[in-house]
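Trainee: quick one, structure for this:
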Amino acid sequence: MNKRDHEEIPEELTRGAFRNGEEFAWKQEDCARVIEWLRAGGIAVLGMELWLPDGQNIRTGIKTKTGPVVIFCSACNPLKAERWGDYVDRSAKSTLGAIASFRWPEDAAEPPRPAYFNITWASRQWFREHSRDNFAED
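Mentor: Model (predicted):
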């Protein structure tokens, strides 16, 4: 993923996004549109990470009353000899499912607030350029 990839995102998808440098994060309710745009363009979703904007910082975990911090993220790696199109579809469904399942922890030590999700993606060209294209022919 590079700056050029971000420049291709339609403005209607970036308008409500939280931006940190060259990275974006979307509210939970907006993620499906972004992931569908990626899937329709043949771009795989590598994963996502919860972002909680906190002033000038971003936290990636939620403090709980029991002490541990809840970290919410996912990854979707290609399967051996998987077809590119199948990976694109599977990665979109997997990430959508993970984001849809997010709920603010009942034992959170802080009040619920909007959750943003930083979505990471890559094109097949990116995999080729980084010698990671082991996909079966479509």
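
Trainee: can you get me the start-to-end distance on stretch 117-131?
Mentor: 28 Å (C-alpha to C-alpha, to the nearest Å).

Trainee: let me fix that: stretch 102-112
Mentor: Terminal residues of stretch 102-112 are spaced 12 Å apart (C-alpha to C-alpha).

Trainee: going forward, the N-terminal residue is numbered 864.
Mentor: Yep, numbering from 864; the last one is stretch 965-975 now.

Trainee: quick one: distance of it to the chain centre.
Mentor: 20 Å (C-alpha atoms, centre = their mean, to the nearest Å).

Trainee: same check, this time on stretch 907-926
Mentor: Put simply, stretch 907-926 sits 10 Å off its chain's centre (C-alpha atoms, centre = their mean).

Trainee: how about stretch 915-934?
Mentor: 18 Å.

Trainee: swap in stretch 900-917?
Mentor: Distance, centroid of stretch 900-917 to centroid of chain: 3 Å (C-alpha atoms, centre = their mean).

Trainee: same check, this time on stretch 882-891
Mentor: With C-alpha atoms, centre = their mean as the basis, stretch 882-891 stands 10 Å off its chain's centre.

Trainee: list the buried residues for that stretch?
Mentor: Neighbour counts over stretch 882-891 (16 or more other C-beta atoms under 10 Å) mark 886-889 as buried. The C-beta positions use only the backbone N, C-alpha and C, and glycine is treated the same way.

Trainee: then stretch 908-926?
Mentor: By neighbour count on 16+ other C-beta under 10 Å, the buried set for stretch 908-926 is 908-915, 921, 925.

Trainee: so for that stretch, mean pLDDT?
Mentor: Taken as a whole, stretch 908-926 carries a mean pLDDT of 91.

Trainee: first-to-last residue distance for it?
Mentor: Its start and end residues considered, stretch 908-926 measures 27 Å (C-alpha to C-alpha).

Trainee: what does it contact?
Mentor: Residues outside stretch 908-926 that contact it (C-beta atoms under 8 Å, 6 or more residues apart in numbering) are 881, 883, 888, 894, 898, 901-902, 932-940, 954-955, 957-958, 961-962, 965, 967-968, 971-973, 976, 978-985.
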